[in-house]
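Enquirer: Structure for the following, please:
(2 chains)
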Number of protein chains: 2
Amino acid sequence: MGISGSDTSGLTIGEASEREALRRIFPRLPESSATLVGPGDDAAVLAAPDGRFVVTTDMMVHGPDFRLAWSGAVDLGWKAAATNLSDVAAMGAVPTALVVAIAAPPETPIAWLEGVADGFRMACEALQPGCGVVGGDLSVSATLTFAVTAFGDLQGREPVLRSGARVGDVVAVSGALGEAATGLQLLFAEAVDAAGEPDPSRFAAVLAAHPGPIGAQLRPRPPIADGPLAAIAGATAMLDLSDGLALDARRVAEASGVAIDLDTTTLGPDVRTALTGGEDHGLFAAFPPEVPLPGGFRRVGVVREGAGLLVDGVRFDERGGWDPYLEWDGGRG
Amino acid sequence: MGISGSDTSGLTIGEASEREALRRIFPRLPESSATLVGPGDDAAVLAAPDGRFVVTTDMMVHGPDFRLAWSGAVDLGWKAAATNLSDVAAMGAVPTALVVAIAAPPETPIAWLEGVADGFRMACEALQPGCGVVGGDLSVSATLTFAVTAFGDLQGREPVLRSGARVGDVVAVSGALGEAATGLQLLFAEAVDAAGEPDPSRFAAVLAAHPGPIGAQLRPRPPIADGPLAAIAGATAMLDLSDGLALDARRVAEASGVAIDLDTTTLGPDVRTALTGGEDHGLFAAFPPEVPLPGGFRRVGVVREGAGLLVDGVRFDERGGWDPYLEWDGGRG
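Expert: Model prediction:
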């Protein structure tokens, strides 16, 4: 498989001009209802109705962040959109738009990049209709790289920071815990060849046997609408669950100057993966105890006096999550 | 030289955690006066006082866009900031903030990334005080890659698009023409070894002999303030000069449905390089004929009925500029 697998007959970005490549890609991208000036000029102009905007940026790099034996073009566009929308939602904002920079090897078929554009469109349509791509950049590189910047509208509300949790608050989660990490474990365990290298032919069987976890890993569906709902309900703190519940809950505890105590009876059968598995892209939030939990939020613990993370009342110092700085072995596949 | 040249004794990003790396880098970055919520949460929150914001994104990739034999860490931070600020200014907006995603090889010293941060700070201080970095992302990659997204404030004015030039307008340029391209030609001609590979030891002599063009190439100083000045003066169209005057003037002509006729007596002694050299990062704008040209703008031609680009009244179809899709040979150095 790999980047040229889907269409080796068509024009590559090394053969086409940037203009020709963009001419084919842009019509497939989702439109943003916040657009005042769209793609095609030096810059775009977007509406920021309440006089502020939320902005986040994130890269996905071939090797540490994805393998082409497992992720197709549509998957990569979807995931790059979804993970950035989740960061916007975790501020309590409604995602409005994305700008997308892609650097790809010269041999990349333009048809493959059309698939990436389709992934962005499908993710925006599924997760936040009205959010779209308003600009971008296309470069050549030896390493396939996506850099997405996402914007959101706070609709007049204050942003929900990680620093506002208060003693007595309930902490709650929206979205599945550990499923994306289980998917990644399955891929590295079963979708590899005898040498341990990612293998597209084994991938199909793993996907068929475990569509839930593999889907959570390759095409995450963050509960975007629950971000603004949490803000409206009065959430005191909120964070996108990207690095595992334990690490992300500890971040909220540290930023808020409190302790957070998680209750393992709420974390499902695989408590360890729920605590330490990364890339959930759900939402972790603290709410005053009297507030009915909105949307898909469910209680997973409480905020206590003290510092750091407790699990069932006992201090929990495992790091969990995924730090590509410490863990990437140089493999790509 | 190369990425590890300046400090091989210190911690690399492959050894440090992302948190430790960011802890060292963030204090060196320039602050934005538009910041409402700064780095450290899921997303930043920025002021957009007139209810809109301008946004542009651009990547710089090791190989097609820069060589480490010639560009140091400070140069790269500077250029990544400057080129994005120029795109914002070309809409007539005042640049307010940047988000910066960097992917670097694991062996990159954190001290080297501190130099990149210094370059961002120095460029913002020199080109647009009050503009700063409000967020970012740090990843590992086999290919050093910068992805910058820049924001601007239109201050209540309409954006100046490339499509508004009218017959009878004067076309004008702010900033040097061809100097950055001359610098690049000098580097490829003289700052290489016998095999034609970029050579840091020869670079020093080339820089000493030609500080103007080499500086224009490695640390461009776009006339940022002239963007808003042009908008205030009533510019009908404007574009950042990134791909050479000929190509960029033709883009304005096509978008505006007019012909643009450039006058070679205004283009200095090296007319060909002024017309076709890329990476000027000056501003090209059209003004109604009765308007006194603002700031550093000087007349280079007129808008006529017709289509496409004329030079001294004769149709000019050379492409000019630099298209990495067509021209990158895979070299890095």
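
Enquirer: what pLDDT, on average, does stretch A:27-34 get?
Expert: For stretch A:27-34, mean pLDDT is 96.

Enquirer: Would you mind writing the CA trace of it as PDB?
Expert: Extracted in PDB, the C-alpha atoms of stretch A:27-34 (Å, rounded to 0.1, in the frame of the first residue of the first chain):
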ATOM      1  CA  PRO A  27     -13.300  21.600  -4.700                       C
ATOM      2  CA  ARG A  28     -13.300  18.500  -2.500                       C
ATOM      3  CA  LEU A  29     -12.700  20.400   0.700                       C
ATOM      4  CA  PRO A  30     -15.500  21.300   3.100                       C
ATOM      5  CA  GLU A  31     -16.700  24.900   3.100                       C
ATOM      6  CA  SER A  32     -16.800  27.000   6.300                       C
ATOM      7  CA  SER A  33     -19.800  29.100   7.100                       C
ATOM      8  CA  ALA A  34     -17.400  31.500   8.800                       C
END
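
Enquirer: List the contacts of that stretch.
Expert: By CB atoms under 8 Å, 6 or more residues apart in numbering or on different chains, the residues outside stretch A:27-34 that reach it are A:38, A:46-48, A:96-98, A:100, A:114, A:117-118, A:120-121, A:124-125, A:130-134, A:151, A:153. Bear in mind the C-beta positions are built from the backbone N, C-alpha and C, glycine included.

Enquirer: and A:W112, that one's in a strand?
Expert: No: using DSSP: H, G, I helix; E, B strand; the rest coil, the assignment for A:W112 is helix, not a strand.

Enquirer: Look at the residue lying closest to it once chain neighbours are set aside and say how many residues are nearby.
Expert: Leaving aside its chain neighbours, A:W112 sits nearest to A:A73 (5.0 Å; criterion: CB to CB, 6 or more residues apart in numbering or on different chains). Neighbour count of A:A73, defined by other CB atoms under 10 Å in any protein chain shown: 23.

Enquirer: Could you do A:G14 as well?
Expert: Quick note: A:G14 (other CB under 10 Å) scores 17 neighbours.

Enquirer: pLDDT score for the most centrally placed residue in chain A?
Expert: Taking CA atoms, centre = their mean, the centroid of chain A lies closest to A:T83, which sits 1.7 Å from it. pLDDT, A:T83: 97.

Enquirer: Do I have it right that it meets A:S242?
Expert: Yes: counting by CB atoms under 8 Å, A:S242 is a contact partner of A:T83 at 7.2 Å.

Enquirer: what residues are shared contacts of the two?
Expert: Joint contacts of A:T83 and A:S242 (CB under 8 Å, 6+ apart) are A:H281.

Enquirer: so the residue nearest to the centre of chain A sits in a strand?
Expert: No: the assignment for A:T83, made by three-state DSSP, is helix rather than a strand.

Enquirer: What's the separation between it and B:D42?
Expert: 11 Å (CB to CB, to the nearest Å).

Enquirer: Can you report how many residues neighbour the residue nearest to A:D199 when sequence neighbours are not counted?
Expert: In space, and not counting its chain neighbours, A:D199 is closest to A:D193: 4.2 Å by CB to CB, 6+ apart. Neighbour count for A:D193, taken as other CB under 10 Å: 13.

Enquirer: what does A:E290 give?
Expert: 8.
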